[in-house]
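Peer 1: Sequence first, then the predicted structure:
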Amino acid sequence: MPFSPKQVIRIRVPAGDKIAIGPGKAALLEAIDETGSISAAGRKINMSYRKAWLIVNDMNKYFKSPLVDAAKGGANGGGARLTDMGRLVLEKYRRIEGQAWEAVSGPIKEFEHLLAP
(Lines give C-alpha, C1' and ligand atoms only; values in the text may rest on other atoms or scores of the structure.)
Protein backbone atom coordinates (compact mmCIF):
# COMPACT_ATOMS: atom_id res chain seq x y z
CA MET A 1 0.00 0.00 0.00
CA PRO A 2 1.62 3.29 -1.07
CA PHE A 3 2.27 6.03 1.44
CA SER A 4 0.78 9.48 1.06
CA PRO A 5 2.53 12.74 1.96
CA LYS A 6 0.08 13.33 4.83
CA GLN A 7 1.06 9.98 6.37
CA VAL A 8 4.79 10.68 6.18
CA ILE A 9 5.45 14.41 6.39
CA ARG A 10 4.81 16.15 9.70
CA ILE A 11 6.54 19.52 9.50
CA ARG A 12 6.29 21.75 12.54
CA VAL A 13 7.68 25.28 12.57
CA PRO A 14 8.71 26.31 16.08
CA ALA A 15 8.15 29.65 17.75
CA GLY A 16 10.34 29.36 20.80
CA ASP A 17 9.06 26.38 22.77
CA LYS A 18 5.67 26.47 20.96
CA ILE A 19 4.64 25.38 17.47
CA ALA A 20 3.84 28.36 15.22
CA ILE A 21 2.35 26.13 12.53
CA GLY A 22 2.12 22.43 11.87
CA PRO A 23 -0.24 20.03 10.09
CA GLY A 24 -3.26 20.64 12.35
CA LYS A 25 -2.90 24.41 12.36
CA ALA A 26 -2.51 24.44 8.57
CA ALA A 27 -5.66 22.32 8.25
CA LEU A 28 -7.51 24.76 10.51
CA LEU A 29 -6.39 27.74 8.40
CA GLU A 30 -7.56 25.97 5.23
CA ALA A 31 -10.90 25.16 6.83
CA ILE A 32 -11.35 28.78 7.93
CA ASP A 33 -10.56 29.89 4.39
CA GLU A 34 -13.14 27.44 2.99
CA THR A 35 -15.92 28.08 5.51
CA GLY A 36 -15.42 31.72 6.53
CA SER A 37 -15.97 30.72 10.15
CA ILE A 38 -13.86 29.47 13.04
CA SER A 39 -16.72 27.37 14.42
CA ALA A 40 -17.54 25.83 11.03
CA ALA A 41 -13.84 25.21 10.42
CA GLY A 42 -13.56 23.46 13.77
CA ARG A 43 -16.54 21.24 12.95
CA LYS A 44 -15.07 20.45 9.55
CA ILE A 45 -11.86 19.11 11.07
CA ASN A 46 -13.48 17.62 14.21
CA MET A 47 -12.19 20.27 16.60
CA SER A 48 -14.19 22.10 19.23
CA TYR A 49 -14.88 25.78 18.68
CA ARG A 50 -13.00 26.64 21.86
CA LYS A 51 -9.88 24.74 20.81
CA ALA A 52 -10.03 26.22 17.29
CA TRP A 53 -10.42 29.72 18.70
CA LEU A 54 -7.50 29.24 21.12
CA ILE A 55 -5.29 27.95 18.30
CA VAL A 56 -6.20 30.91 16.07
CA ASN A 57 -5.50 33.28 18.95
CA ASP A 58 -2.09 31.70 19.51
CA MET A 59 -1.18 31.68 15.81
CA ASN A 60 -2.09 35.34 15.56
CA LYS A 61 0.50 36.04 18.29
CA TYR A 62 3.28 33.92 16.76
CA PHE A 63 3.58 35.93 13.54
CA LYS A 64 4.40 39.58 12.79
CA SER A 65 0.76 40.20 11.92
CA PRO A 66 -2.44 38.15 12.48
CA LEU A 67 -3.20 35.17 10.24
CA VAL A 68 -6.96 35.28 10.84
CA ASP A 69 -9.28 38.24 11.09
CA ALA A 70 -12.40 37.29 13.06
CA ALA A 71 -15.62 39.24 13.58
CA LYS A 72 -17.65 38.52 16.70
CA GLY A 73 -20.95 36.69 16.17
CA GLY A 74 -24.36 37.87 17.20
CA ALA A 75 -27.52 39.06 15.48
CA ASN A 76 -25.62 40.00 12.32
CA GLY A 77 -23.45 36.91 12.47
CA GLY A 78 -19.71 36.74 12.74
CA GLY A 79 -17.13 35.31 10.48
CA ALA A 80 -13.47 34.83 9.92
CA ARG A 81 -11.11 35.18 7.03
CA LEU A 82 -7.45 34.63 6.39
CA THR A 83 -5.42 37.80 6.20
CA ASP A 84 -2.77 38.30 3.54
CA MET A 85 -0.24 37.10 6.13
CA GLY A 86 -2.39 34.02 6.80
CA ARG A 87 -2.45 33.15 3.10
CA LEU A 88 1.30 33.72 2.82
CA VAL A 89 2.10 31.56 5.87
CA LEU A 90 -0.18 28.76 4.63
CA GLU A 91 1.31 28.90 1.13
CA LYS A 92 4.88 28.79 2.44
CA TYR A 93 4.06 25.97 4.86
CA ARG A 94 2.49 23.86 2.09
CA ARG A 95 5.52 24.56 -0.12
CA ILE A 96 7.85 23.29 2.64
CA GLU A 97 5.72 20.14 2.94
CA GLY A 98 5.90 19.58 -0.82
CA GLN A 99 9.66 20.01 -0.87
CA ALA A 100 10.05 17.61 2.05
CA TRP A 101 7.87 15.03 0.28
CA GLU A 102 9.97 15.32 -2.88
CA ALA A 103 13.08 14.66 -0.80
CA VAL A 104 11.75 11.53 0.92
CA SER A 105 9.28 10.00 -1.55
CA GLY A 106 11.91 7.95 -3.42
CA PRO A 107 13.45 6.39 -0.31
CA ILE A 108 9.98 5.83 1.17
CA LYS A 109 8.87 3.95 -1.97
CA GLU A 110 12.00 1.79 -1.72
CA PHE A 111 11.06 1.05 1.89
CA GLU A 112 7.49 -0.06 1.08
CA HIS A 113 8.54 -3.47 -0.24
CA LEU A 114 9.98 -4.32 3.19
CA LEU A 115 6.59 -4.05 4.88
CA ALA A 116 4.22 -6.95 5.44
CA PRO A 117 0.96 -6.79 3.46
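Peer 2: Cool, the structure landed.

Peer 1: Would you map the helices across the chain?
Peer 2: Taking DSSP state H as the test, the helices found in the chain are 5-8, 23-35, 38-44, 49-62, 84-112.

Peer 1: need the ones you listed in JSON lines with mean neighbour count, distance to residue 17 and mean pLDDT, can you?
Peer 2: Heads up, the C-betas are built off the backbone N, CA and C, glycines and all. Shown next, in JSON lines, are the helices of the chain (neighbours: other CB atoms under 10 Å; distance: least, CB to CB, whole Å; pLDDT from 0 to 100):
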{"stretch": "helix 5-8", "mean neighbour count": "12", "distance to residue 17": "25", "mean pLDDT": "72"}
{"stretch": "helix 23-35", "mean neighbour count": "18", "distance to residue 17": "16", "mean pLDDT": "97"}
{"stretch": "helix 38-44", "mean neighbour count": "20", "distance to residue 17": "25", "mean pLDDT": "95"}
{"stretch": "helix 49-62", "mean neighbour count": "16", "distance to residue 17": "12", "mean pLDDT": "96"}
{"stretch": "helix 84-112", "mean neighbour count": "14", "distance to residue 17": "19", "mean pLDDT": "92"}
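
Peer 1: Figure out which of the ones you listed is closest to residue 70.
Peer 2: helix 38-44 (6.0 Å; CB to CB).

Peer 1: for the closest one, packing partners?
Peer 2: helix 23-35, helix 49-62 (3 or more CB pairs under 8 Å, 6 or more residues apart in numbering; DSSP states H and E).

Peer 1: Can you tell me which residue is spatially central in this protein?
Peer 2: What sits nearest the mean C-alpha location of the chain, by CA atoms, centre = their mean, is residue 26, with 0.8 Å.

Peer 1: residues in contact with that residue?
Peer 2: By CB atoms under 8 Å, 6 or more residues apart in numbering, residue 26 lies in contact with 90, 93, 94.

Peer 1: coming back round to it: and residue 81, which of the helices and strands packed on helix 38-44 is closest to it?
Peer 2: Across those, closest to residue 81 is helix 23-35 (CB to CB), at 7.4 Å.

Peer 1: got JSON lines for the helices of the chain, with distance to residue 16 too?
Peer 2: Shown next, in JSON lines, are those (distance: least, CB to CB, whole Å):
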{"stretch": "helix 5-8", "distance to residue 16": "26"}
{"stretch": "helix 23-35", "distance to residue 16": "15"}
{"stretch": "helix 38-44", "distance to residue 16": "24"}
{"stretch": "helix 49-62", "distance to residue 16": "9"}
{"stretch": "helix 84-112", "distance to residue 16": "17"}
